[in-house]
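Novice: with the input below, show me the fold.
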Amino acid sequence: MSWRQALFIAAAGWKHRVAATSVSRPLLTALLLGSIGCSSYCCYAFVINPLQKLTLDSRKILQNESDNHDRCLHPLYCPDRKQHATNIGSLLLATSSGNSNNAAADKNPNESAALTSSQKNQSSTRTYSTKADKYFQKHHRIPLPDISHDNLDRLLQLHQHPEQKEANNDNAPQSSSASDRNILIIGDVHGCLVELKLLIQKAIHQHNQSQNFRAIVLVGDLVNKGPQSAEVIKFVRRQQQKYHNVFTVRGNHDDRALAAALGDEECARKSRYDWVKKGLSDEDIEWMAELPYTITIPSRLLKQPQGSGSETKQDQDVIVVHAGLLPNVSLDDQDTRTMTTIRDLISIPDEVDGKETKENIAKAWKGPELVIFGHDAKRGLQQEEYAIGLDTGCVYGKQLTGIILPEKKIVNVDASEVYSPINVKD
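Specialist: Residues are numbered from 1 along each chain as shown. Purely as a prediction, here's the structure:
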């Protein structure tokens, strides 16, 4: 193991209070920032003590995608190398949980008083006066949503139709049908609006007795690469307003598109974000900025009523997240970049043979919750005991896939065409 790797590991372990190190805090800080400054990528670890023999589960470190090809002003997408080092150092040494978006020091708020050139070129429907715009103009990064980890029960009550609320208040009898209690989770859409509509209709009419689902939840990455990114956002928003039961978590591409829309020059100059300049309104931006990173579906929402004829039992909560979750870390302590970009875990190299092992995040997650995610089109459909991956590469000409809970029934539709070359980096 190199001294730089050991240093990264020691710093991250210090952050999470899971191991001790003999290196003093001031010295470690100086060495850490110095070493990061000469590195072109970042490494994150969540468990550490390189001098102690640990079990494989406790020796996992996070292998994030470097995304050097597309670093924009997401909390950790910093085009300036020196600033990148400062941000990573601040993240690893932070002591407050869940605030990685606020890791970097704020710049002078007056520096962004005027609109950037990318903002001036965008649609006239944008006023740049939303809450998210003002935050970006002051802090030079996208804001965290008000609720990072949401709950489907809360969302359904929040968006409940007035007639439904009145019926519930009158203690109206609940439906005994299993179909209108089912929940549909949908994989990465990436601007493939036609396929999204087809999948929803197929799931309703062929697999849910032509009844609406109790809820439809998307795993994020609604946008980019495909032909109708802005239209997908507007469609999902309209479905939410009309049926009050359609929700989504945010993915790494949603975050980047949001950064481009808020005026980040690094993102906005890339052709993949041209659609942002033409089709998004202030309302779209406000909606995107408040998308949560996870949505938890309590197991009680998946229990079928007596007499419904369904024998399916769902005794575990379900967490919908875009990329995955770090094992042995509480939900509130999960880093935003982890939740939107993780694919694999690697172990610290063995001190005897120097080998390191790489483990798929779906296999590494051991519950107790069932995690449903996307982000990994290369692996396609993944079905592990405690994790299910739904990204089956629709934008690459393959399929758009969903899963119906609680039966865990897989439903998919073929892509109409190849919208993006499969070798395009995520």
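Novice: okay, CA-based contacts and neighbour counts for the rest of this
Specialist: Fine.
Novice: correct me if wrong, but residue 378 is in a strand.
Specialist: No. Residue 378 is assigned coil when assessed by DSSP: H, G, I helix; E, B strand; the rest coil, not a strand.
Novice: pull the number of nearby residues for it.
Specialist: Other residues within reach of residue 378 by the criterion other C-alpha atoms under 10 Å amount to 11.
Novice: list the contacts for it?
Specialist: By C-alpha atoms under 8 Å, 6 or more residues apart in numbering, residue 378 lies in contact with 392, 393.
Novice: pLDDT score assigned to it?
Specialist: Listed pLDDT for residue 378 reads 95.
Novice: again, but for residue 268
Specialist: In this model, residue 268 is scored at 83, pLDDT.
Novice: burial count for residue 226?
Specialist: Counted with other C-alpha under 10 Å, residue 226 comes out at 20.
Novice: pretty sure it is touching residue 418, no?
Specialist: No. If you go by C-alpha atoms under 8 Å, residue 226 and residue 418 don't touch, sitting 9.0 Å apart.
Novice: who touches both of these two?
Specialist: With C-alpha under 8 Å, 6+ apart as the test, residue 226 and residue 418 both reach residue 395.
Novice: for my notes, confirm residue 160 occurs in a helix.
Specialist: No. Applying three-state DSSP, one finds residue 160 to be coil, outside a helix.
Novice: my guess is it meets residue 244, correct?
Specialist: Yes. If you go by C-alpha under 8 Å, residue 160 and residue 244 touch, sitting 5.8 Å apart.
Novice: which one's more surrounded, the two?
Specialist: A direct count of neighbours by other C-alpha under 10 Å for residue 160 and residue 244 places residue 244 higher, at 20 against 16.
Novice: residues near the residue nearest to the more buried one when sequence neighbours are not counted, how many?
Specialist: The shortest distance from residue 244 to any residue other than its chain neighbours is 5.1 Å, reached at residue 159 (C-alpha to C-alpha, 6 or more residues apart in numbering). Burial of residue 159 is recorded as 16 neighbouring residues (other C-alpha under 10 Å).
Novice: for residue 159, list the residues it contacts.
Specialist: 240, 241, 244, 245.
Novice: kindly report the same for residue 212.
Specialist: Residue 212 makes contact with 179, 180, 204, according to C-alpha under 8 Å, 6+ apart.
Novice: now render those residues as TSV, adding neighbour count.
Specialist: Formatted as TSV, the contacts of residue 212 follow (neighbours: other C-alpha atoms under 10 Å):
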residue	neighbour count
179	20
180	18
204	18
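Novice: those residues in strands, which ones?
Specialist: The strands, defined by DSSP state E, take in nothing from those.
Novice: what's the neighbour count on residue 339?
Specialist: 22.
Novice: go ahead and confirm it touches residue 320.
Specialist: No. Assessed by C-alpha under 8 Å, residue 339 is found out of contact with residue 320, at 10.2 Å.
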